[in-house]
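Colleague: Need the 3D shape of this:
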Amino acid sequence: MFKIWDPTNFRRTLGGLCLILAPILFSVVEISDPVGQNGTAAQQLADAARNHDLMLADIFIGIASAILFLPAVYALLQITRRRGVVLGHVAAILIVVGVGLAHLALAGLQLMLWAMAGPGIDRQAMVAFLEKTMQNPAALPLVLGHDLFAPGLILFGIAVWRSGFGYRWAGPAIAVGVLLDIVGGTVGIPDPYISILSDGIFATALAAIGLTVLLTSDAEWAETGAASPAAERAVAA
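Modeller: Below is the predicted model:
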């Protein structure tokens, strides 16, 4: 039962729900993203203009996903309290920095792009501005945020597997899902297909961990971060 006045219950329930919701929202944004990140400034503005309403919805869903990833990270740290501690903390740092740069800060730039693609805006002037902005090295940290977020998820997958918490396949599945996205992008598999496959795997894995967290008793969660007998029985089933 959700007891908001009990801090242990509140942290556990919030962490479990965020582990389920954050990757689902993240996957929705990745799969439905209407603006290609690798196109020219003119292409990005044209895509944003054609999908103006969808782009705005995607931006705010992405912001919500980034916010929910933070409590999810703290829940994963609790899970890895006994084993996988070092990997878990390194992963937490990478994910938090990646979320801040690639998801929250970049969302501000996406909102700017959305506004620049609105009706009545001088498209030529906006293209020239974007081209100069895209060549500015000051924006490099925002792009590198993705390169921190992905290895952070892989390390967390390994740490969760080492911890022995919940479903034994969930930790490796997180790593496999992220690796598929990296490899698929490298070999040139079309974005929608690789995103559906990779995001489906890693979101399912994180949701399975979140479900086990919700089934864990407050006493077990506060003491060791281990799954309660009821949660272990549900996993075994």
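Colleague: Please state the offset of stretch 138-145 from the chain centre?
Modeller: A distance of 17 Å separates the centroid of the chain from that of stretch 138-145, by Cα atoms, centre = their mean, to the nearest Å.
Colleague: meant to ask about stretch 165-176, not that
Modeller: So, by Cα atoms, centre = their mean, the centroid of stretch 165-176 is 16 Å from its chain's centroid.
Colleague: Give me the distance between the two termini of it.
Modeller: 18 Å (Cα to Cα, to the nearest Å).
Colleague: At which residues are the helices of this protein located?
Modeller: Under the criterion DSSP state H, helices of the chain are mapped to 7-32, 41-50, 52-79, 85-98, 106-116, 123-134, 140-163, 170-187, 191-215, 218-223, 229-236.
Colleague: Now the weakest link among the ones you listed, please, by mean pLDDT.
Modeller: Of all these, the minimum mean pLDDT falls on helix 229-236 (a mean of 51).
Colleague: returning to what we had before: with mean neighbour count added, can I get the helices of the chain in CSV?
Modeller: The C-beta positions use only the backbone N, C-alpha and C, and glycine is treated the same way. Below are the helices of the chain laid out as CSV (neighbours: other Cβ atoms under 10 Å):
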stretch, mean neighbour count
helix 7-32, 20
helix 41-50, 17
helix 52-79, 19
helix 85-98, 18
helix 106-116, 17
helix 123-134, 14
helix 140-163, 20
helix 170-187, 18
helix 191-215, 20
helix 218-223, 16
helix 229-236, 14
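Colleague: Please state the backbone phi and psi of T216?
Modeller: Dihedral pair for T216: phi -80, psi 140, per degrees, to the nearest 10.
Colleague: Great, nothing more from me.
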